[in-house]
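A.B. asks: Turn this into a model:
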Amino acid sequence: MRANFEPQQSVAVIQNVFHLTYVRNLGAAFGLFPGARPVFMLTTTAVLFVIAAFWRRARPAQWPIVIALALVTAGAIGNLIDRAWLGQVTDFFDVAILDFPVFNVADSGVVIGVIILMVWILFGPDTSPTDESDDSTDSPDEPIVSESDGGTATSAVSARHPGGDSA
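C.D. replies: Here you go, the predicted model:
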């Protein structure tokens, strides 16, 4: 794109609906805060470390979380590479029908990933522990199996009162 277009040059893919427009973005989203490249790079690096730490600790297996984190990570890395090597981010998707700011693939990944995470947080399955699923209390009627006595089952009462079943 950069090799074949001049800045601000636009080519209509679908007239008045979707264009490819070459924009040099020196700022953050929508060109905000131009010239704060070190801040953006530091913030992006911090976000990537937080995602890596979360991944290492939580080891998410639910596909929406995996996909969302992959999209955010890939988008962040893509924009970080542009900022590091070019000093700017190259934006080119222009949704003319919405009069929306020009954006790129990395931006799309970040936004879609964050939307997936928000939907998952708001509407995903409830993973909080409930009182009914608490396995920490022993039921007096369940047998207790001890490896020290060869794996034989004893009643909870006799395990608590070694003298027998009378309490």
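A.B. asks: how many neighbours does residue 111 have?
C.D. replies: 15 (other CB atoms under 10 Å). Glycine gets a C-beta too; all of them are placed from N, C-alpha and C.
A.B. asks: May I see the buried residues of stretch 44-54?
C.D. replies: Using 16 or more other CB atoms under 10 Å as the burial criterion, the residues of stretch 44-54 that qualify are 44, 51.
A.B. asks: ugh, wrong one, I meant stretch 99-108
C.D. replies: By 16+ other CB under 10 Å, the buried positions in stretch 99-108 come out as 101, 102, 103, 104, 106, 107.
A.B. asks: and the residues you listed as CSV, adding distance to residue 57 and pLDDT?
C.D. replies: CSV is the format used below for the buried residues of stretch 99-108 (distance: CB to CB, whole Å; pLDDT from 0 to 100):
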residue, distance to residue 57, pLDDT
101, 35, 91
102, 37, 94
103, 32, 94
104, 31, 95
106, 26, 96
107, 28, 94
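A.B. asks: so which pair among the residues you listed is furthest apart in space?
C.D. replies: Of all pairs drawn from these, the greatest distance, 14.1 Å, lies between 101 and 106 (CB to CB).
A.B. asks: which intervals of this protein have sub-threshold pLDDT?
C.D. replies: 1, 127-167 (pLDDT under 70).
A.B. asks: Let me see the ranges of the strands in it.
C.D. replies: 10-14, 18-25, 89-94, 144-145, 153-154 (DSSP state E).
A.B. asks: for the ones you listed, which one ends up most surrounded?
C.D. replies: Looking across the strands of the chain with neighbours counted as mean count of other CB atoms under 10 Å, the highest average goes to strand 89-94: a mean of 21.
A.B. asks: Check the spacing between the residue nearest to residue 68 when sequence neighbours are not counted and residue 52 real quick.
C.D. replies: Excluding the flanking residues, the one nearest residue 68 by CB to CB, 6 or more residues apart in numbering is residue 116, at 3.8 Å. In this structure, residue 116 lies at 18 Å from residue 52, with CB to CB, to the nearest Å as the measure.
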